[in-house]
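Asks: After the sequence you'll find the predicted model.
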Amino acid sequence: MKPSMHRRHFLHQGTLAIGALCTPLLGAMQAGAAPARSIAQGFIGKYSDQFLIRSEDAGVTRLVALVRDLPSFAEALFRARAAGISDLRVTNTVATFHVGGHAFEVENLLSENFAARNS
């Protein structure tokens, strides 16, 4: 009976040790995940070489982006979900979406409108 107690004790201690090792690693993996802003900038960068943050309020970041060309914009919209973008909506020139719990609002402009808006 005593050896089984040792096995149980060993298994219990091993489980505690694995838990102690894995918990910080899981936390580091979650903390090391790309932040919402970085994911959004990567998504916008697929169709724009130039974008500016206009404002950041609680939970919403507003940007203006220069659309390089319409085919790359359409491709980025088509692949948005794979890029980590959710709840994507496009109305006229404004795209709104979420990354994690953060909302983004991007005014997408062609070159002549972008230059006029930012001069």
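Replies: That came in fine, so what should we check first? Please read all numbers here as calculations on a predicted model, not as lab measurements.
Asks: Bridge partners for the spatially closest residue to residue 64 that is not a sequence neighbour, pull those for me.
Replies: Closest residue to residue 64 apart from its sequence neighbours, by Cβ to Cβ, 6 or more residues apart in numbering: residue 107 at 4.6 Å. C-beta coordinates here come from the backbone N, C-alpha and C atoms, glycine included. Beta bridges link residue 107 to residue 64, residue 94 when assigned by DSSP bridges.
Asks: Could you double-check that residue 107 sits in contact with residue 92?
Replies: No: using Cβ atoms under 8 Å, residue 107 makes no contact with residue 92, being 9.2 Å away.
Asks: More neighbours: which of the two?
Replies: Shown here are residue 107 and residue 92; by other Cβ atoms under 10 Å, residue 107 has more neighbours (18 against 7).
Asks: separation between that one and residue 82?
Replies: 23 Å (Cβ to Cβ, to the nearest Å).
Asks: and the residue nearest to residue 64, what does it touch?
Replies: 54, 62-65, 93-94, 117 (Cβ atoms under 8 Å, 6 or more residues apart in numbering).
Asks: can you give me the strands for the chain?
Replies: For the chain, strands defined by DSSP state E occupy the ranges 50-57, 60-66, 86-91, 94-99, 102-109.
Asks: number of nearby residues for residue 61?
Replies: Counted with other Cβ under 10 Å, the neighbours of residue 61 add up to 19.
Asks: What of residue 64?
Replies: Residue 64 has 21 neighbours, counted by other Cβ under 10 Å.
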